[in-house]
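Colleague: Sequence first, predicted coordinates after that:
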Amino acid sequence: MAKIIYTLTDEAPQLATYSFLPVIEAYASTAGVEVETRDISLAGRIVAAFSDLLPDDQAVADALAELGALAKTPEANIIKLPNISASVPQLKAAIKELQEQGVDLPPYPDNPTTDEEKDAKARYDSVKGSAVNPVLREGNSDRRAPASVKNYAKAHPHSMGAWSSDSRTNVATMDDDDFRHNEKSVVVDDEQSLTIRHVAADGTETVLKESVPVLAGEVVDATVMRAAALDAFLKEQVQRAKDEGVLFSVHLKATMMKVSDPIIFGHVVKAFFADVFATYGDDLAAAGLSPNDGLGSILSGVESLPNGAEIKAAFEQAIADGPELAMVDSDRGITNLHVPSDVIVDASMPAMIRTSGHMWGPDGEEHDALAVIPDSSYAGVYQTVIDDCRAHGAYDPTTMGSVPNVGLMARAAEEYGSHDKTFEIEADGVVQVVDASGTVLLEHDVNRGDVWRACQTKDVPIRDWVKLAVTRARASQTPAVFWLDPERAHDAVLIEKVKQYLPEHDTEGLTIEIMSPVEATQYSIDRIRRGEDTISVTGNVLRDYNTDLFPILELGTSAKMLSIVPLINGGGLFETGAGGSAPKHVQQLVKEDYLRWDSLGEFLALASSFEHLATRFDNARAQILADTLDRATGTFLNENKSPGRKLGTIDNRGSHFYLALFWAEELARQTEDADLAAAFAEVASTLRAQEQTIVDELLAVQGKPADIGGYYRPDPEKANVVMRPSATFNDVLATLAR
C-alpha cells in the first residue's frame, strides 16, 4: 500500500502538524494513501536513547533508526519537517523538561567520571547537533523555488533594506591555520578500515578512533584549527570592532557542527571577556561553567557561587568596555554570545545582508557589524555579496533571478559527517590517519587545545551528485556551476572526480562550469541582477548556506523552497524548509495563542510526495492529489492566506483551513476522476459555505495564553485542543475520514 511517513519534529513545525496532519490524512485516504508518523523530535530522540533503561511505560522505539533503514529502500516516502539540532544548553533544557514530566532520565554529565556517567553522556551526545539529517539523507539535495512561489515573490516583494556605499559591515575570517588552510585530502583505493591516532611528544600513542570504515574511491580529509592562531585572530577582531565602531558578532554552526563549533564559540567568549577569564577562569571551571555553553549559561551559573555577584559585575563591565555586541534580543539583554545556537551562520548572515548589512545593537537599533566567521572555507561567499550590495545596492525581488541548488549531502558527506572524528587535542604531538597496512595517509602536527577533525565523502554520492547536476541543468536549461576551490585540498580532489564523471552524461548544449566559491558567488549574483538563474552545485555545508542565503534574498525566507532528496536506492525524502524562527513562534503561541509559522514548505513537500507515490505505485489518484494541491497552493499564495503578522488575522491554523478549502475546490473541478470530484464537491461546498464560521472559531481563541503542556514535548491532548479550535472544520474533515 502507498504510504507517507510524516515526521513529528520540534517547536513550531511540530505544533503546526497537529493542525495540518488531519487535513493530510483525510485527503490522502481518498487515494488509498496511508499516512503514518514517526517521532524524531529532540525529546523523542532523548527518550529513545535511554529506552532500554526506562520502565516499559516510558520507553519508546528508536524512530530515527527505523527511518534511516527505510531511507535505504525503494519504498521510502518520508516528509521531514525542521527539527532541533540541539546545542548543549538546548539538550539540558529538554532533559530538564522530560524529567519534570516524570521520565526517569539521568542529568547530563558535563565531566563524567563513573562508567554510568560516561554511558549517559555518550547517549546524550548521540542526539545533540545534527543527529537527524545524516541518518535520513541517503540521497543528494535538489532545492529550488517553485514557479508559484517565485512568481508570488515578484508580484508581492518582501522588504529589503537599502544599502549604503558607506556601509562598514564586513566579514572577518582567518587567513592561515584554520580548517581550510590546514586541510589534507586523499582518495582511498580499497575498502578497508582506517584508524585515527594521536602520538604525543613523548611517544605515547592514543587511539582516538579505532575504526573508520571506508569504501573504494572514498575521499578522506583531515584538518586542524590551531587554537593559538584562533585566539590571536579573535583578539584582533574584538579590537577591530571597537576601533571601527561597529557591532561585534560571531557566526558559527554550533548546531550542525556540534563538536567543533561549540568549542570555537567558547574561544570567542573567552576572547571577548579575556580579562574576566584571566581573573575568574579557575572559579568558573571549578563550577562546571564552560564558555562553550555561552554567556547566558555562565551568568545563570555564577549566581550560586560565593563571589557570583563580583564575577557577574566583571562580565557587565567587560561588555561596557568592549565593542558593542550584536544582540539576539536587545529588550532582554540577550547578546550574540549568550547561547551558541542563537546565531547560526546560514540564517544570520542572509538576514544581515537583507537588512542593509545591519544587526541589532544594545540600543534596540540597527547598526553596521563585523561578522566574525573564523574558518575561511566559505566566509568569502558572504563578503562577496556584501561588497556587491555596497557597490550596487540591495537586490530587487521583483526582477532578480534565482539560485537553485544541487547539494552533495548523501551518507553524511563532508564536514557534516565529522562529529565522531572531531577531537579537542589534549597534548602536543601528531594526529595521524592510518590505513589497514599501517601506512600513514594523513598527518598533522598538533598542540594542546587545537581542534582536529576528519571527514569522509563516499564515491557513490559524488557520482550521483554529478548526475543530478546534469539532470537539473538539462531539465531547466540553466547553467550549472560546481562551487569548488582548486586551492583547497578536498575540493581539488572533487574537481578530478567531477571531470571523471561528467563525460558519463549528455552535456551537449549545457553550460557547466567549475569555479571557486568566491568566483561562483560573483558569477551568480551578476546573473541575479540581470534576472537570470544559475544552479549552484555544492558540497554539504555550502548547500546549507546557499539554500538560506539566496532564498532569503529572493523570497524573504528559505521555508518556501521546494526541497527534494531523490534517495539513491529509489525512495524519496521531502524536506520542508528551515525552522530558524520556530522558537519565537512557540513563545508567541504560549503567550497569546497565535502561531505565525508558515506551512508553505509542508504544502510543497506534500505535493512532491504524492507525485512520487503516483509514479512509484502507479496511483492515478495520488497524481491528482499532487496536481490539485499544486494549483491550490498557487491560489493560497495569490489570495494571501499565509499567517498574518498580528492578532486578529489568521495564523497557521487559518492558513491550513484555506489550503484545505482551495484544495477541495480544485479536486471538485478536476475532470480526470469523476468519483473523486463528486466526493470533494460536497466538502468544497460545505467549507466555502462555513468559511466565516470557521474563521471566527479560529480567531476567537486568540489573545490569551495557551497551555500545550511542554516546549520540547507538548502534551498531545493539550496541543490537539489548542491547534484544532474549530469544531466546524474538524467535523468536515471527519466526513472524509469515514
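Modeller: Arrived safely, thanks for sending.

Colleague: hey, let's count contacts and neighbours off CA atoms from now on
Modeller: Noted.

Colleague: Surely Ser19 is in a helix?
Modeller: Yes - looking at Ser19 with DSSP: H, G, I helix; E, B strand; the rest coil, it is inside a helix.

Colleague: and it, how many residues sit next to it?
Modeller: Look at Ser19: counted by other CA atoms under 10 Å, it has 24 neighbours.

Colleague: In contact with it, which residues?
Modeller: 653, 656, 720, 723-724 (CA atoms under 8 Å, 6 or more residues apart in numbering).

Colleague: In helices, which of the residues you listed fall?
Modeller: Among these, DSSP state H puts 653, 656, 720, 723 in helices.

Colleague: dump the residue contacts of the last one.
Modeller: Contacts for Met723 (CA under 8 Å, 6+ apart) come out as 15-16, 18-19, 653.

Colleague: Turn those into TSV, columns for pLDDT and distance to Pro55.
Modeller: Below are the contacts of Met723 laid out as TSV (pLDDT from 0 to 100; distance: CA to CA, whole Å):
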residue	pLDDT	distance to Pro55
Leu15	96	27
Ala16	96	30
Tyr18	98	27
Ser19	98	31
Arg653	98	36
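
Colleague: Distance to Arg144 for those residues - can I get that in JSON lines?
Modeller: What follows is the contacts of Met723, written out as JSON lines (distance: CA to CA, whole Å):
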{"residue": "Leu15", "distance to Arg144": "26"}
{"residue": "Ala16", "distance to Arg144": "23"}
{"residue": "Tyr18", "distance to Arg144": "27"}
{"residue": "Ser19", "distance to Arg144": "26"}
{"residue": "Arg653", "distance to Arg144": "26"}
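
Colleague: Tell me the most packed of these, by neighbour count.
Modeller: Neighbour count (other CA under 10 Å) singles out Arg653 as the most crowded of these, with 30 neighbours.

Colleague: on that earlier part again, specify which member of the contacts of Met723 is nearest to Val381.
Modeller: Closest approach to Val381 among these (CA to CA): Ala16, at 33.9 Å.

Colleague: After the helix or strand containing that closest one, which helix or strand is next?
Modeller: Per DSSP states H and E, Ala16 falls inside helix 11-29. Later in the chain than helix 11-29, the nearest helix or strand by DSSP H and E is strand 34-39.

Colleague: In contact with Glu324, which residues?
Modeller: Glu324 neighbours (CA under 8 Å, 6+ apart): 242, 245-248, 361-362.

Colleague: Could you report the distance from it to His367?
Modeller: 10 Å (CA to CA, to the nearest Å).

Colleague: swap in Asp189?
Modeller: For Asp189, the distance to His367 (CA to CA) stands at 52 Å.

Colleague: Where does pLDDT dip in the stretch 451-600 of the chain?
Modeller: Scanning the stretch 451-600 of the chain with the threshold set as pLDDT under 70 gives 578-581.

Colleague: Just flag the most distant two among the contacts of Ser19.
Modeller: His656 and Asn720 (14.3 Å).

Colleague: neighbour count winner among the two?
Modeller: Neighbours around His656 and Asn720, counted as other CA under 10 Å, are more numerous at His656. The numbers are 24 against 17.

Colleague: Around the closest residue to the more buried one other than its chain neighbours, how many other residues sit close by?
Modeller: Residue nearest to His656 in three dimensions, not counting chain neighbours: Phe20, with 6.0 Å by CA to CA, 6 or more residues apart in numbering. Residues contacting Phe20 under the criterion other CA under 10 Å number 22.

Colleague: ok, Asp388 to Asp231 distance?
Modeller: 30 Å.

Colleague: Hmm, I typed the wrong one, I wanted Asn546.
Modeller: 28 Å.

Colleague: okay, these two: which has more neighbours?
Modeller: Asn546 (25 against 16).

Colleague: Packing partners of the helix or strand where that one lies?
Modeller: Using DSSP H and E, Asn546 sits within helix 540-555. Helix 540-555 sits against helix 147-155, helix 345-354, strand 405-407, with contacts defined as 3 or more CA pairs under 8 Å, 6 or more residues apart in numbering; DSSP states H and E.

Colleague: What are the contacting residues of the shortest one?
Modeller: Around strand 405-407, the neighbours that count as contacts under CA under 8 Å, 6+ apart are 140-144, 465, 468-469, 535-540, 542-543, 546-547.

Colleague: who does that strand pair up with?
Modeller: Paired strands of strand 405-407, with direction, are strand 141-144 (antiparallel), strand 535-538 (parallel) (DSSP bridges).

Colleague: mean confidence for the first one?
Modeller: Yep, that's strand 141-144 we're talking about. Per-residue pLDDT over strand 141-144 has a mean of 92.

Colleague: Dump that strand to CSV, keeping only the CA atoms.
Modeller: C-alpha atoms of strand 141-144 as CSV (Å, rounded to 0.1, in the frame of the first residue of the first chain):
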residue,chain,number,x,y,z
SER,A,141,19.7,17.5,-2.5
ASP,A,142,17.6,19.3,-5.1
ARG,A,143,16.4,22.6,-3.7
ARG,A,144,14.7,25.3,-5.8
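
Colleague: Retrieve the pLDDT associated with the closest residue to Ala2 other than its chain neighbours.
Modeller: Distance criterion CA to CA, 6+ apart; nearest residue to Ala2, sequence neighbours excluded, is Val33 at 5.1 Å. Looking at Val33, its pLDDT stands at 95.

Colleague: Would you mind measuring from Val33 to Ala734?
Modeller: Here the criterion is CA to CA. By it, Val33 lies 16 Å from Ala734.

Colleague: Looking at the two, which is more packed in?
Modeller: Neighbour count, other CA under 10 Å: between Val33 and Ala734, Val33 has more, with 21 against 12.

Colleague: Help me confirm that the more buried one comes into contact with Ile24.
Modeller: No - Val33 is not in contact with Ile24 according to CA atoms under 8 Å; the separation is 9.9 Å.

Colleague: for the residue nearest to Glu138 when sequence neighbours are not counted, what are its contacts?
Modeller: Nearest non-adjacent residue to Glu138, counting by CA to CA, 6+ apart: Ala410, 4.8 Å away. Ala410 makes contact with 134, 137-140, 461, according to CA under 8 Å, 6+ apart.

Colleague: Gln690: which of those residues is nearest?
Modeller: Closest to Gln690, out of all of the contacts of Ala410 and judged by CA to CA, is Arg137, at 41.9 Å.
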